[in-house]
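Asks: mind folding the following:
(2 chains)
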There are 2 protein chains.
Amino acid sequence: MRQGRLFVISGPSGAGKGTICSELLKSEDLELSISMTTRAPRGKEVDGVSYYFVSHEEFQKTIDEGGLLEWAEIYNNRYGTPKAPVLKKLDAGKDVILEIEMQGAMQVKKNYPQCVLIFVLPPSLSELKKRLIARGTETPEQIELRTRTTLDEIKKIKDYSYFIINDDLSTALQDARTIIRAEHLRVDDRASEIIERYENEEV
Amino acid sequence: MRQGRLFVISGPSGAGKGTICSELLKSEDLELSISMTTRAPRGKEVDGVSYYFVSHEEFQKTIDEGGLLEWAEIYNNRYGTPKAPVLKKLDAGKDVILEIEMQGAMQVKKNYPQCVLIFVLPPSLSELKKRLIARGTETPEQIELRTRTTLDEIKKIKDYSYFIINDDLSTALQDARTIIRAEHLRVDDRASEIIERYENEEV
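Replies: Reported below is the predicted structural model:
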């Protein structure tokens, strides 16, 4: 039985990794990794669907047991990716997709080096700036800072396996699908499975 | 400027690697690697197009200078892949495709480890046997031997990056195209080129 692959979609914020991830979930045979959080459920959020909602103690216990692929603290709440459900899906031959900011992606790589890291790039820094200005939620100083941060983040692309430039969304999605499908054609850990297919044949 | 990729199509004989290679040349932006040989030109064969036709002395000199990616002797004639024209195309950003038997593929890997090795598999050993029987050019003993050899060859798939099962030709071609396109999306040696693209922008 083929082992599933863990696809990690990351890159600077504003490059559109969220949209790419949700579109891929519609068209490809992928399972979304569900995060664990200490924050309280909001509105219609369901435990085990939107998030795994846990106490601070339970979260800390999972960290201590090495049970998270990555985690971070944001405004006094913790968010992380539980390892066990991801590994279970991969062992069942299912591909899993995880959309995450760049520091989290590096933690996942450390804890599961077989993952496939995909870096989503904005078409250009000026285009990213234009989008931020149009949105009107940030000051010119904040926009300047963010543009510089994005360039620093792009400089970390060496740590990734693949890149996608999100200029036209449909092209970006096609690129993402190409990567996912090509990964299914890699020999890697599948050599024995392929050999057995021919060995077990009655000729 | 992006460095081109060298795609090496190999696998057991009879799996259809020749057909896949010539179809890819029609649809993809690829250059075919041209072999060097000591045998005399036949019919309409043109030097530098069908083969580079050289003397035994010249061939030996090229070997001695480390100028071949691989070579073999078949019935007193030598055949090889000259390194210089391939590297020149790759440096100019062109992708090159090379269809070759398995021992040659391993020589290419040794001499140019960045190459992308693709293994073309028959749908099954029984199907391969059926094709050989239908062709009627080999004795039952020869067919038995060839089936066993093919299984031994398949056991060497670990040395390859990708595999394609050539059951339905159009699916096999689609797989090959997916691999070629995904390789264009790999970060690898392109990190600096990608970073420069954003660094040199006026924001």
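
Asks: spit out the contact partners of A:P82.
Replies: Taking C-beta atoms under 8 Å, 6 or more residues apart in numbering or on different chains as the criterion, A:P82 is in contact with A:34-36, A:52, A:62, A:67-69. For glycine as for every other residue, the C-beta is placed from the backbone atoms N, C-alpha and C.

Asks: which one among those gets closest to chain B?
Replies: Distance to chain B across these (C-beta to the nearest C-beta) is lowest for A:L69, with 21.2 Å.

Asks: tell me which parts of chain A are close to chain B?
Replies: With C-beta under 8 Å from any C-beta of the partner chain as the criterion, chain A meets chain B at residues A:119, A:121, A:124-126, A:129, A:147, A:150-151, A:154-155, A:157-158, A:160-164, A:175, A:178-179, A:181-183, A:185-187, A:190-191, A:194-195, A:198-199, A:201-203.

Asks: quick one: which of the contacts of A:P82 is most hemmed in?
Replies: For the contacts of A:P82, the largest number of neighbours (other C-beta atoms under 10 Å in any protein chain shown) sits with A:L69, at 25 neighbours.

Asks: and the lowest-mean-pLDDT helix or strand in chain A, what does it pack against?
Replies: Lowest mean confidence among the helices and strands of chain A (mean pLDDT, DSSP states H and E): helix A:125-135, at a mean of 88. Applying 3 or more C-beta pairs under 8 Å, 6 or more residues apart in numbering or on different chains; DSSP states H and E, we find helix A:125-135 packed against helix A:140-154.

Asks: give me the helices and strands touching the helix it packs on, please.
Replies: Judged by 3+ C-beta pairs under 8 Å, 6+ apart, the packing partners of helix A:140-154 are helix A:125-135, helix B:191-199.

Asks: what angle separates the shortest one from helix A:125-135?
Replies: Going back to what we said before, that points to helix B:191-199. Interaxial angle of helix B:191-199 relative to helix A:125-135 (axes from the mean of the first three to the mean of the last three C-alpha atoms, to 10 degrees): 50 degrees.

Asks: what does helix B:191-199 contact?
Replies: Taking C-beta under 8 Å, 6+ apart as the rule, helix B:191-199 contacts A:121, A:124-125, A:150-151, A:154-155, A:157-158, A:163, B:1-2, B:187.

Asks: show me what counts as buried in it.
Replies: Of the residues in helix B:191-199, those buried under the neighbour-count criterion (16 or more other C-beta atoms under 10 Å in any protein chain shown) are B:191, B:194-195, B:198.

Asks: now the angle from it to helix A:140-154?
Replies: Angle between the axes of helix B:191-199 and helix A:140-154 is 170 degrees (criterion: the same axes, to 10 degrees).

Asks: the closest residue to A:C115 other than its chain neighbours and A:P113, how far apart?
Replies: Nearest non-adjacent residue to A:C115, counting by C-beta to C-beta, 6 or more residues apart in numbering or on different chains: A:L6, 4.2 Å away. In this structure, A:L6 and A:P113 are 10 Å apart, going by C-beta to C-beta, to the nearest Å.

Asks: which one of those two is surrounded by more residues?
Replies: A count of neighbours by other C-beta under 10 Å puts A:L6 above the other of A:L6 and A:P113, at 22 against 7.

Asks: next up, the contacts around that one.
Replies: By C-beta under 8 Å, 6+ apart, the contact set of A:L6 is A:33, A:86, A:90, A:95-98, A:108, A:112, A:114-116.

Asks: where does chain A have low pLDDT?
Replies: A:1, A:202-203 (pLDDT under 70).

Asks: try 90
Replies: Under the criterion pLDDT under 90, the flagged ranges of chain A are A:1-3, A:13-15, A:48-50, A:74-75, A:128, A:130-138, A:146, A:189, A:200-203.

Asks: show me what contacts the closest residue to chain B within chain A?
Replies: Per C-beta to the nearest C-beta, A:A182 is where chain A lies closest to chain B, at 3.2 Å. Under the criterion of C-beta under 8 Å, 6+ apart, the neighbours of A:A182 are B:162, B:178-179, B:181-183.

Asks: export the residues you listed to JSON lines and append columns for secondary structure.
Replies: Converted to JSON lines, the contacts of A:A182 look like this (DSSP: H, G, I helix; E, B strand; the rest coil):
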{"residue": "B:Y162", "secondary structure": "strand"}
{"residue": "B:T178", "secondary structure": "helix"}
{"residue": "B:I179", "secondary structure": "helix"}
{"residue": "B:R181", "secondary structure": "helix"}
{"residue": "B:A182", "secondary structure": "helix"}
{"residue": "B:E183", "secondary structure": "helix"}
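
Asks: and the contacts of A:L6, which of them are buried?
Replies: Buried members of the contacts of A:L6, scored by 16+ other C-beta under 10 Å, are A:33, A:86, A:90, A:95-98, A:108, A:112, A:115-116.

Asks: these in helices, which ones?
Replies: A:86, A:90, A:108 (DSSP state H).

Asks: what does stretch A:24-39 contact?
Replies: A:6-7, A:21, A:48-56, A:59, A:62, A:68, A:71, A:77-82, A:85-86, A:89, A:94-98, A:173, A:176-177, A:180.

Asks: okay, buried residues for it please.
Replies: For stretch A:24-39, the neighbour count (16+ other C-beta under 10 Å) marks A:24, A:30-31, A:33-38 as buried.

Asks: ok, so of those, who is nearest B:G11?
Replies: Proximity of those to B:G11 (C-beta to C-beta) peaks at A:L30, which lies at 29.6 Å.

Asks: now do the strands in chain A.
Replies: In chain A, the strands defined using DSSP state E lie at A:6-10, A:30-32, A:36-37, A:52-53, A:68-74, A:77-82, A:95-99, A:116-121, A:162-165.

Asks: turn these into a markdown table, columns for distance to B:T137.
Replies: Formatted as a markdown table, the strands of chain A follow (distance: least, C-beta to C-beta, whole Å):
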| stretch | distance to B:T137 |
| --- | --- |
| strand A:6-10 | 47 |
| strand A:30-32 | 47 |
| strand A:36-37 | 64 |
| strand A:52-53 | 63 |
| strand A:68-74 | 56 |
| strand A:77-82 | 58 |
| strand A:95-99 | 44 |
| strand A:116-121 | 44 |
| strand A:162-165 | 45 |
